[in-house]
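>>> pasting the sequence and the predicted model now:
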Amino acid sequence: VLLDTWDAGTKAELSEMMSMLDKTNCNFQTKEDKWTPLMILAGLQGVAGVASAIRQVQALGGNCAVTDKEGWTPLHWAAFHGSEDGAKELIKKESKLLSAKDHEGLTPLEVAKKENNETVAVIFEKALGETKKDK
């Protein structure tokens, strides 16, 4: 169901995937690539209900610190795929993961810039600025 949701792209219907998730499987990882529900949701751009779905998975115990085989967190996914909704929702609770580095040593902000996803980069830069102010 995770892969089917991902493969549907902008036409993804989240209800089937969301109805299957609970506290016991909200951090499930696909066999080959180690993708989680939060990663799939974070990467979906332009799909209605993504922010709400991310909140629901987090409420179940979805862990944004879990990484895939590339060392990516859901924030890296949002950065690479230019998902503004995913980026905005994830940084509300997960701004500390903006410093997480993948296996190439890149942070989510660096991935966003590398992929020319400027809107997501600005979202992350703003969050980093607010994080520094809080310290």
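That came through, no problem. Just so it is clear, the structure is predicted and the values come from calculations on it, not from any experiment.

>>> what is the burial count for the residue nearest to Leu2 when sequence neighbours are not counted?
Using C-beta to C-beta, 6 or more residues apart in numbering and skipping the chain neighbours, the partner closest in space to Leu2 is Ile40 (5.4 Å). Bear in mind the C-beta positions are built from the backbone N, C-alpha and C, glycine included. Neighbourhood size, Ile40 [other C-beta atoms under 10 Å]: 25.

>>> what's the pLDDT at Ile40?
Listed pLDDT for Ile40 reads 97.

>>> how close does it get to Val122?
24 Å (C-beta to C-beta, to the nearest Å).

>>> quick one: the helices in this structure?
Using DSSP state H, the helices of the chain run over 2-8, 14-20, 37-43, 50-60, 74-81, 84-94, 108-114, 118-134.

>>> okay, these in CSV with distance to Phe28 next?
Output for the helices of the chain, formatted as CSV (distance: least, C-beta to C-beta, whole Å):
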stretch, distance to Phe28
helix 2-8, 7
helix 14-20, 9
helix 37-43, 7
helix 50-60, 11
helix 74-81, 14
helix 84-94, 18
helix 108-114, 22
helix 118-134, 25
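
>>> that concludes my questions; thank you for your assistance.
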